[in-house]
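Undergrad: model this:
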Amino acid sequence: EEQSFLLAIKSPPKDSVEYRGWQVPPVSRRRARTYFAGLVACLSASAKRVSSPAPPSEKPGKCKSPGCNLFVHPDLSVAGGLHCCKQCAESPQMHGSQCEHHAYESTLVLVERGSP
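TA: The predicted structure is shown next:
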C-alpha cells in the first residue's frame, strides 16, 4: 500500500502584509519573492535507503578550515555547522560579515542563557 499526500500551494497576492490571518514577512534587501499561482505536488516515500545524520554534539566544535581557531557558527544556514562563516569555508582564515569571531578553546564550555 503506497502512502502519499497531496500538497497544494498558492502564494498570497503581491505586496500583501497579511494573508489568511498570517503575517507575510517582508522581503529583505536585494531579494525577490517567488509567487505561485497554483502548485500541486504528490509526495511519497522514496525507495532509497535513508541514512541518518550524526546528531549534533553537546559542545560546539572548532572551525574545520586549516589554521582557523574559531568556534563553528551556531546557525547551520551560515556555514553548515562545519565552519565559523561561509567566507572561511571558501578561503581559510578570511572571515566574512556573518562570522561571530568566537575564539575556540578546547577547555571552554558554552552554557545557554538561563541554564544553571
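Undergrad: Grab the most central residue of the protein for me.
TA: Central residue of the chain (CA atoms, centre = their mean): Ser77, 2.9 Å from the mean position.
Undergrad: what about the strand or helix carrying that residue, average pLDDT?
TA: Per DSSP states H and E, Ser77 falls inside helix 76-79. In this model, helix 76-79 has a mean pLDDT of 83.
Undergrad: Run through the strands of the protein in chain order.
TA: 4-9, 18-19, 22-23, 39-44 (DSSP state E).
Undergrad: May I see the ones you listed arranged in JSON lines, with mean neighbour count and mean pLDDT as well?
TA: (Glycine included, C-beta is placed from N, CA and C.) Shown next, in JSON lines, are the strands of the chain (neighbours: other CB atoms under 10 Å; pLDDT from 0 to 100):
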{"stretch": "strand 4-9", "mean neighbour count": "9", "mean pLDDT": "80"}
{"stretch": "strand 18-19", "mean neighbour count": "10", "mean pLDDT": "88"}
{"stretch": "strand 22-23", "mean neighbour count": "9", "mean pLDDT": "89"}
{"stretch": "strand 39-44", "mean neighbour count": "10", "mean pLDDT": "81"}
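Undergrad: Tell me where the chain has helices.
TA: Per DSSP state H, the chain carries helices over the ranges 76-79, 86-90.
Undergrad: Kindly compare burial across these and name the winner.
TA: Ranked by mean neighbour count, the helices of the chain are led by helix 86-90 with a mean of 19 (mean count of other CB atoms under 10 Å).
Undergrad: Just the residues contacting that one, thanks.
TA: Defining contact as CB atoms under 8 Å, 6 or more residues apart in numbering, one finds that helix 86-90 is touched by 63-65, 68, 70, 78-80, 82-83, 94-96, 98-99.
Undergrad: I appreciate the help and will end here.
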